[in-house]
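Visitor: fold the stuff below for me.
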Amino acid sequence: MAGIGSRIVRAARLEPALYEEVEADRSATGQAFLVVVLSSVAGGIGALGWVGSSGVSGLILGAIGAAVAWIVWAFLILIIGTKILATAETRSDLGELLRTLGFATSPGLLRVLGVIPGLGTLAILAVTIWMLAAMVVAVRQALDYTSTWRAVAVCAIGFFTNLAISGFIAGLADRA
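Guide: This is a model prediction of the structure:
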């Protein structure tokens, strides 16, 4: 099993070979989960710089929420990428997507920079764009696409679908 630190750096560099590697390595699922949790904790720490303190409970709930969102995101990408926008070469399963998408959150470790006054918002924006680029590479590799634009389309449809689902759930929670 390759070292997680090396994999995080390679994922952040958007190396397609890394995404192919973790796609095939079933033992990397735990590493991918750890990257998701660390990235969300980093995001929680970074958010302290612009939304105020939510304390330890906020960080824990954020990490749990990120793990759930990771699984939902992978499931959406699986459906969209293998059913709606599949090509003849498209082959993937939920585990492969969990691993590649988990490592695609690697740039999110830098969201801790959000606590820096005057730089925080810009850092969060830059890291978010970087994470989206990593998601596109992860989807392209995991779904065996030859077109980056197809991967962009899958991510965009997944993003807006996830946003709609989240909005619906938030609306239900407000009524309760």
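Visitor: worst-scoring helix or strand of this protein, pLDDT-wise?
Guide: Across the helices and strands of the chain, mean confidence by mean pLDDT, DSSP states H and E is lowest for helix 55-79: a mean of 80.
Visitor: for the very next helix or strand once past that helix, packing partners?
Guide: Counting by DSSP states H and E, the element after helix 55-79 in chain order, helix or strand, is helix 94-103. Other elements packing on helix 94-103 under the criterion 3 or more CB pairs under 8 Å, 6 or more residues apart in numbering; DSSP states H and E are helix 4-12, helix 16-24, helix 29-51, helix 55-79, helix 120-142. In short, each C-beta sits where N, CA and C put it, glycine included.
Visitor: would you turn the ones you listed into CSV with distance to Arg175 and mean neighbour count?
Guide: Output for the helices and strands packed on helix 94-103, formatted as CSV (distance: least, CB to CB, whole Å; neighbours: other CB atoms under 10 Å):
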stretch, distance to Arg175, mean neighbour count
helix 4-12, 40, 17
helix 16-24, 40, 19
helix 29-51, 25, 20
helix 55-79, 20, 16
helix 120-142, 30, 20
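Visitor: nearest to Ile169, out of these?
Guide: Of all the helices and strands packed on helix 94-103, helix 55-79 sits nearest to Ile169, with 10.4 Å by CB to CB.
Visitor: pLDDT below threshold where in the protein?
Guide: By pLDDT under 70, the low-scoring segments of the chain are 1, 49-55, 58-59, 62, 173, 176.
Visitor: hmm, try it at 80
Guide: Applying pLDDT under 80 to the chain picks out residues 1-2, 47-67, 166-176.
Visitor: not counting its neighbours along the chain, what's nearest the residue positioned nearest the centre of the chain?
Guide: In the chain, the residue lying closest to the centroid (CA atoms, centre = their mean) is Thr105, at 4.3 Å. Sequence neighbours aside, Ser39 is the residue nearest to Thr105 in space, at 4.1 Å (criterion: CB to CB, 6 or more residues apart in numbering).
Visitor: correct me, but the one you found touches Ala104?
Guide: No. Using CB atoms under 8 Å, Ser39 makes no contact with Ala104, being 9.5 Å away.
Visitor: the longest helix seen in the chain packs against which elements?
Guide: If you go by DSSP state H, the chain has its longest helix at helix 148-175. Where contact means 3+ CB pairs under 8 Å, 6+ apart, helix 148-175 is packed against helix 55-79, helix 120-142.
Visitor: now do the first one against helix 120-142, angle only.
Guide: To tie it back to what came earlier, the one meant is helix 55-79. 30 degrees (axes from the mean of the first three to the mean of the last three CA atoms, to 10 degrees).
Visitor: can you name every helix or strand that helix 55-79 contacts?
Guide: When contacts are defined as 3+ CB pairs under 8 Å, 6+ apart, helix 55-79 packs onto helix 29-51, helix 94-103, helix 148-175.
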